[in-house]
Structures are given as C-alpha cells and as structure tokens.
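1. need a 3D model of the sequence below.
(one chain, ligands or ions: 1)
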Amino acid sequence: MDGIAQPNDQRAQLEKLYGEMAPHSLYPLWEVLANLVTPVPRSVAQPHLWQYGPARDYLLRAGDLISAEQAERRVLILENPGLSGSSAVVPSLYAGLQLILPGEVAPCHRHTQCALRFVIEGDGAYTAVDGERCYMQPFDLVLTPNWQWHDHGNTSDRPMIWLDGLDIPTVRFYDASFAERLEHPSQSESIPAGDNLHRYGRNMRPFRATTAERRPQQQPIFHYPYAQWRESLMAVAGADAPDPHLGHALEFINPANSGPVMPTISAHVRHLPAGFETRPRRATDGTTFVVVAGRGTARVEGREFRLEERDLFVVPSWNALELRAETPLTLFGYSDKAAQEKLSLYREERLPG
Ligand code: GTQ
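-> This next block holds a predicted model:
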C-alpha cells in the first residue's frame, strides 16, 4: 500500500478489509477500543427494585405447581433488566428468592459456586452444610462455601423464603463450574446443629492438633444469626455518629482470615437512624440489598425507589447511591467487592451532598 487512503476512500477500504477478516475471526480494535477501555465504569446493569409482596405471590404460585425436589431448587431469579438472559443481578453475581414448603427437601448437592442465604420469611427451616444443620431465622445470614455439600429442608409448619446470593456469573466467566449430586436427597446429620458457632464463632477454636476440628480451616463458620448482628449494629449505632455516606455499617467477616465471608462475595449490614439522609457514594462493586427493617428511599443516579420492609434492590457499579430513612432503616447487602479487592480493581468515591 502506498500511504494512508483519503477519508472517503478510507472508510470504504476499511469496511472491505473488515468484511474479509471477519470470517477469520479477526476484528479491528480501533473501532471498539473506547467501549472496551472506558475512563470510568459504564455498567449495562440497571438500578432496580423488586417489591417483596408481588415477588412472594409469584413464588408461592410456583410452589403450587412444582415441588422443591422436582425443581432441585425452586427459585425465582432476580434478573437485572439491563442483563436480560444472563440470570445475573449484576454482571458477576446472581440473586434469587428460594421457597421451601413445610415437609419439603431441596436435594443435596455441591458445586464450585459460592452461595449465601439471607432469610426473608419463615422460621425453623434448615440448611445443612457438610453434615451440620443450621436452623434459620428471619434475617440470618448462612453461607454455603464452594464445594461444600448442602441441602435445605423445612421441618416447620410455614413456608420459608430466603434470598440466594451466588457467584454463578463469575464462575461462568472463568468456565470453572463443577457440580455433583448426592444419591440421597438429604445428607446424614453427622455434626450437631449449631456446632460451627460453638467451635469457631466465639473468638475460639479447637486446640489445634486435636481431633475436634470439624470445619475446613479456611471457612470455619457458616452462620451469622440476626440476633447477634443486630445487637452489634445497634450498639455501634448507639455509640457513634453515623458515617455521612453510609450510616452505621458493619461487614461480615471470615474469622479465619478477617477477610470477606467468601472469596468472591462480601456482605454487610447498615443502619440509618430515622430522618437520616446519606450523602451520595459510588463504588465499583454492584450491590444487592434487602430491606430488613424500616421505610425510606434509595436514590440511584437520580432515580428514586421507595423502600419497604423485605423489598430488594440492586445498585450497579459506579452508580451513586443516596439513602433516606423515614423510620429507622436497616439494610443487608452483598457484592463482589471480595473478588475485586483481590484483583486490585475495587474503588469507591464519596461525593459531596
Ligand atoms: O441452594 O444450592 O438459587 O445451587 C441457585 C443455585 C440456589 C442452592 C440457587 C443453587 C442454589
């Protein structure tokens, strides 16, 4: 070629080149670079609110039509409207509402995806993790770390509904999904219920090199009861002035390493006193929230969502969130901050009010 073609000519010749290259799976970076390496995150995920009442009605209707055992997991996926077809709530994470009716069992399996459960309604169903049952109360956080056997059962006389938060899209991204089922629907109960908290949850652990170790060293506890986190959060709220951008906030940690609860997922709770309004804050982790208590509003990049108890909402990466509490407002949230920090990607910014 002798020199760069003139503008009119150039377009036509480039298009011809693209047409010839495409069948060979070769494409020009310069046509897409600005969309690949953006100066700031431009999530295609959208902020969105799911009111609990209508979601619950659909879930109970599904309960009339298909059993937990038949479905394996009877769950309504909370799919982000900007991520249609992906089963994702933000690009890296999944959210769903799971229903277990009295007497049902969601059969035992394990997979490379990490899962958390945040109980929304019902009392006394259990998740069993590697031989130990955990009886769940509203607003308890329960973990099912990567590759641990788990089944769910409801021995109470009322429906039980919880939020499932998993890293399904992250595992899909890495093409690293493995899963297997146990032959029996329920695993045998080899460890007494609540054992993980007694053994590892009180700033203690079995004296090492004894036979009293029950859990993997890197993931000793899997139950964070509401009664405990609420007491701590309220005590902190009584002692400090609220952070202007967050309110009062406590993160759940893995006591083995003081890091986030699981390698890919971080979880926290926050509390705003009645009348409190946060200043805007944005972060690179898209966060899915549950309203545990109270009423208020969430403003996300100027869009306002009314919050009522048990509603769920999602705030995508780099969307500024402002919260206003009409009554004392308590939220649970989980995000991919855990993974982003490991990859040196996580950033947050506090914006002036
Ligand atoms: O409880 O193991 O919502 O494997 C999606 C996939 C729940 C579970 C979900 C799962 C589970």
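2. show me where the stretch 51-200 of the chain has helices.
-> 52-65, 68-71, 168-173, 195-200 (DSSP state H, counting those that start in this stretch).
3. so which of the ones you listed is nearest Ala88?
-> Proximity to Ala88 (CB to CB) singles out helix 168-173 among the helices of the stretch 51-200 of the chain, at 4.4 Å. No exception for glycine: its C-beta is placed from N, CA and C like everyone else's.
4. and for that closest one, what's in contact with it?
-> Taking contacts as CB atoms under 8 Å, 6 or more residues apart in numbering, the residues outside helix 168-173 that touch it are 86-88, 91-94, 112-113, 177, 264, 336, 339.
5. try it again with 6 Å
-> By CB atoms under 6 Å, 6 or more residues apart in numbering, the residues outside helix 168-173 that reach it are Ala88, Ser92, Tyr94, Thr112, Gln113, Ser177, Thr264.
6. what mean pLDDT does stretch 61-77 get?
-> The average of the pLDDT scores along stretch 61-77 is 95.
7. stretch 225-245 now?
-> For stretch 225-245, the mean confidence score works out to 98.
8. that stretch: which residues count as buried?
-> For stretch 225-245, the neighbour count (16 or more other CB atoms under 10 Å) marks Pro225, Tyr226, Trp229, Arg230, Leu233, Ala237, Pro242, His245 as buried.
9. about what we covered before: got JSON lines for the helices of the stretch 51-200 of the chain, with mean neighbour count and distance to Glu31 too?
-> Listed next are those as JSON lines, based on neighbours: other CB atoms under 10 Å; distance: least, CB to CB, whole Å:
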{"stretch": "helix 52-65", "mean neighbour count": "13", "distance to Glu31": "41"}
{"stretch": "helix 68-71", "mean neighbour count": "16", "distance to Glu31": "44"}
{"stretch": "helix 168-173", "mean neighbour count": "19", "distance to Glu31": "24"}
{"stretch": "helix 195-200", "mean neighbour count": "18", "distance to Glu31": "53"}
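10. pipe these into CSV and attach distance to the ligand per row.
-> Converted to CSV, the helices of the stretch 51-200 of the chain look like this (distance: least, CB to the nearest ligand atom, whole Å):
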stretch, distance to the ligand
helix 52-65, 12
helix 68-71, 10
helix 168-173, 7
helix 195-200, 18
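11. which parts of the stretch 51-200 of the chain sit against the ligand?
-> Residues of the stretch 51-200 of the chain lying close to the ligand by CB under 6 Å from any ligand atom are Arg73, Val75, Gly96, Gln98, His111, Ala115, His150, Asp164, Leu166.
12. taking these one by one, which sit in strands?
-> Assigned to strands by DSSP state E, the following of these qualify: Val75, Gly96, Gln98, His111, Ala115, His150, Asp164, Leu166.
13. wait, the first one touches Tyr94, no?
-> Meaning Val75. No. Using CB atoms under 6 Å, Val75 is not in contact with Tyr94; the gap is 9.6 Å.
14. neighbour count: those two, which is higher?
-> Ranked by neighbour count (other CB atoms under 10 Å), Val75 and Tyr94 place Tyr94 first, with 25 against 21.
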